[in-house]
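# the sequence and its predicted three-dimensional model are supplied below.
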Amino acid sequence: MSPKNNQDPTSTGDSGNTNVQESDLQEMEAVNQSLDELSCALDAVEQRTDDIMSQLRELLDSNREIRRLLAEEKDQDQEQEQAQADDNMEGTDNASK
């Protein structure tokens, strides 16, 4: 949106054309207000994005911890199964002697 009066107010010439008109001031004020509103909206979007990123990081950390615990449980189960298999093998070896 461009101002209605594109003349430079500092140029020499007719004083009616060089002074910023009231309608131009109102238009500039409206543009300024619109920019302020856009800035506030962008700040809100940025805050929401930061909140979402924080929640995603927490979820990722939680999932990593769960996967680590599941892997530990799996390893423990495999060790117990191996120990039981070894005990069974020793038991059958002793029984056959």
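Done, it's in.
# so for the helix or strand hosting residue 88, mean pLDDT?
Element membership of residue 88, judged by DSSP states H and E, is helix 22-96. Helix 22-96 carries an average pLDDT of 92.
# off-centre distance for it?
Centre-to-centre, helix 22-96 and its host chain are 12 Å apart (Cα atoms, centre = their mean, to the nearest Å).
# any idea how far the residue nearest to the spatial centre of the chain lies from residue 24?
Central residue of the chain (Cα atoms, centre = their mean): residue 53, 3.3 Å from the mean position. Using Cβ to Cβ, to the nearest Å, residue 53 is found at 43 Å from residue 24. Bear in mind the C-beta positions are built from the backbone N, C-alpha and C, glycine included.
# the residue nearest to the centre of the chain and residue 38: what is the separation?
22 Å.
# again with residue 48
Counting by Cβ to Cβ - residue 48 and residue 38 are separated by 16 Å.
# just give me the neighbour total for residue 31.
Neighbour count of residue 31, defined by other Cβ atoms under 10 Å: 13.
# so how far is residue 79 from it?
Relative to residue 79, and taking Cβ to Cβ, residue 31 is found at 71 Å.
# burial count for residue 21?
Around residue 21 there are 15 residues (other Cβ under 10 Å).
# make residue 1 into 49 and carry on from there
Got it, the first residue is 49 from now on, which makes the last one we talked about residue 69.
# so how far is residue 77 from it?
13 Å.
# what of residue 104?
41 Å.
# state the pLDDT value of residue 65.
53.
# next one: residue 56
55.
# now swap in the one 5 residues further on and tell me
If you check residue 61, the pLDDT there is 51.
# over to residue 53?
56.
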